[in-house]
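Asks: need a structure here:
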Amino acid sequence: MPRRPRLAATIRLALAVSLVAAETGGCGGERPAAGKAAPAAPSPPRADAHGFNDAIAWVSLDDGLAEAARTGKPVMLLVHASWCSKCKALRPAFFDPRLVEASRQFVMVNVDQDEVPQVKAYAPDGEYIPRILFLDPSTGEVDASLKNPGRRRFLYFYGPQDDLVSVMERARARHGSAS
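Replies: As a prediction, this is how the structure comes out:
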């Protein structure tokens, strides 16, 4: 019987802690002062880099489209597959410090087409891989003017020798970027 008062005290303490947490906005949090703006919308969860550099803020296709619509940043969509030798050969290009820096002006979407088959809808000239497309942030549509300038076929294919950073700069100039 002596345990009941201890249990009741524990319950009262837990209720008091939860009331304080609710009053302050969470564990140790503070309520925003009157007139202050609420915190910015959280960034979408990071997606797997699939070997294309963890230092880049990759997001999933759905999260990327939503983030682009919210922020106005253009989307750079990388479509690949884990088994593809050309995709593996492209990976080192994403470790170029210029590309990493440029990536901060984009919503970077990294999709393995075997894991996310709906990405095959983003294949204006075929389902080859790897392909890199730039999407208009307001429409989510592929910008057909932003293709690999060195190609006559497979217009969205990039290899490690291609100047992807220049195309990123063109995309940023064309679509702007909310940074």
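Asks: can you list the domains in the protein?
Replies: Per the record, the chain has its domains at 1-39, 58-175, by automatic domain parsing.
Asks: out of the ones you listed, nearest to R46?
Replies: When the domains of the chain are compared by Cβ to Cβ, domain 58-175 sits nearest R46, at 6.2 Å. From N, CA and C alone the C-beta is placed, and that goes for glycine too.
Asks: pLDDT (mean, whole number) over the closest one?
Replies: Averaging pLDDT along domain 58-175 yields 95.
Asks: circling back: can I get the domains of the chain in CSV with distance to D48 and mean neighbour count?
Replies: Shown next, in CSV, are those (distance: least, Cβ to Cβ, whole Å; neighbours: other Cβ atoms under 10 Å):
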stretch, distance to D48, mean neighbour count
domain 1-39, 27, 9
domain 58-175, 7, 17
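Asks: for these, give me TSV that also has distance to A49.
Replies: Output for these, formatted as TSV (distance: least, Cβ to Cβ, whole Å):
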stretch	distance to A49
domain 1-39	27
domain 58-175	5
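Asks: how about the most centrally placed residue in the chain, phi and psi?
Replies: Nearest to the mean C-alpha position of the chain, by Cα atoms, centre = their mean, lies V59 at 2.6 Å. Main-chain torsions, V59, degrees, to the nearest 10: phi -130, psi 170.
Asks: how near is the residue nearest to E67 when sequence neighbours are not counted to S85?
Replies: Nearest-residue entry for E67: V107, 4.9 Å, with adjacent residues in sequence omitted and distances by Cβ to Cβ, 6 or more residues apart in numbering. With distances defined as Cβ to Cβ, to the nearest Å, the gap from V107 to S85 amounts to 28 Å.
Asks: same check, this time on M108
Replies: 23 Å.
Asks: does C87 touch A81 like I think?
Replies: Yes: taking Cβ atoms under 8 Å as the contact criterion, C87 and A81 are neighbours in contact, 6.1 Å apart.
Asks: list residues touching both of the two?
Replies: Contact with both C87 and A81 is made by residues I129, according to Cβ atoms under 8 Å, 6 or more residues apart in numbering.
Asks: the residue nearest to E67 contacts G140, doesn't it?
Replies: No: using Cβ under 8 Å as the test, V107 is too far from G140 to be in contact (10.6 Å).
Asks: overlap in contacts, those two.
Replies: Shared between the contact lists of V107 and G140 (criterion: Cβ under 8 Å, 6+ apart) are residues 68, 75.
Asks: what strand or helix carries C87?
Replies: Secondary structure assigned from DSSP states H and E places C87 in helix 85-90.
Asks: pull the distance from that helix to the chain's centre.
Replies: The gap between where helix 85-90 is centred and where its chain is centred comes out at 21 Å by Cα atoms, centre = their mean, to the nearest Å.
Asks: what packs against the helix or strand just after it?
Replies: Sequence-wise, the next helix or strand beyond helix 85-90 is helix 97-103, with elements assigned using DSSP H and E. Under the contact definition 3 or more Cβ pairs under 8 Å, 6 or more residues apart in numbering; DSSP states H and E, helix 97-103 sits against helix 164-175.
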